[in-house]
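> Generate coordinates for the sequence data below:
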Amino acid sequence: MVISYASHLLADSFTVEGIPILYPWHRNFGIPPKPLEGIRIQTGEWFENLIIFPIINIALIVLVFGNWDNIKTILLK
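From the prediction side, this is the model:
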């Protein structure tokens with residue numbers, strides 16, 4: 001659960017909105033920082049839907065099939 005939560009925060013930090021790490025303070029932080037913030041991803045736009053999602057899905061498929069023997073061993077215990 002910790003890995004899932006941390007990866008979600010990391011992914012959200014690449015968006016235009018960023019993430020409010022220091023919540024009561026109303027400033028969001030993101031990757032890349034201020035001077036290069038123009039290259040952050042706008043959620044719901046074509047770039048996310050046509051580039052980011054397919055890359056993530058292919059990476060997950062490669063990870064699953066590359067480690068299928070380990071996954072099968074864990075599931076069949």
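> mind listing the helices for this structure?
2-13, 46-47, 53-66, 68-75 (DSSP state H).
> Nearest residue to residue 9 in space, please, no chain neighbours.
In space, and not counting its chain neighbours, residue 9 is closest to residue 19: 5.8 Å by Cβ to Cβ, 6 or more residues apart in numbering. In this view, the C-beta of every residue, glycine as well, is placed from N, C-alpha and C.
> Mind pulling up the pLDDT for the one you found?
You'll see residue 19 listed with a pLDDT of 92.
> What of residue 69?
If you check residue 69, the pLDDT there is 94.
> Just give me the neighbour total for it.
The number of residues packed near residue 69 is 8, by other Cβ atoms under 10 Å.
> can you check residue 48 too?
14.
> Ok, residue 64 next?
Count around residue 64 with other Cβ under 10 Å applied: 10.
> For it, give me its contacts.
Residue 64 is in contact with residue 71, counting by Cβ atoms under 8 Å, 6 or more residues apart in numbering.
> mind checking how far residue 45 is from residue 56?
Plainly put, residue 45 is 16 Å away from residue 56 if you go by Cβ to Cβ, to the nearest Å.
> ok, back up a step: roughly how far apart are the residue nearest to residue 9 and residue 62?
Taken as Cβ to Cβ, the span from residue 19 to residue 62 is 28 Å.
> The two: which has the busier surroundings?
Counted by other Cβ under 10 Å, residue 19 and residue 62 do not tie: residue 19 has more neighbours, with 18 against 10.
> Verify the stated contact: that one with residue 11.
No: using Cβ atoms under 8 Å, residue 19 makes no contact with residue 11, being 9.6 Å away.
> Quick test: name the residue nearest the centre of the protein.
The residue lying closest to the centre of the chain (Cα atoms, centre = their mean) is residue 11, at 2.9 Å.
> re the thing from before, including distance to residue 34, could the helices of the chain go into JSON lines?
JSON lines is the format used below for the helices of the chain (distance: least, Cβ to Cβ, whole Å):
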{"stretch": "helix 2-13", "distance to residue 34": "13"}
{"stretch": "helix 46-47", "distance to residue 34": "21"}
{"stretch": "helix 53-66", "distance to residue 34": "26"}
{"stretch": "helix 68-75", "distance to residue 34": "41"}
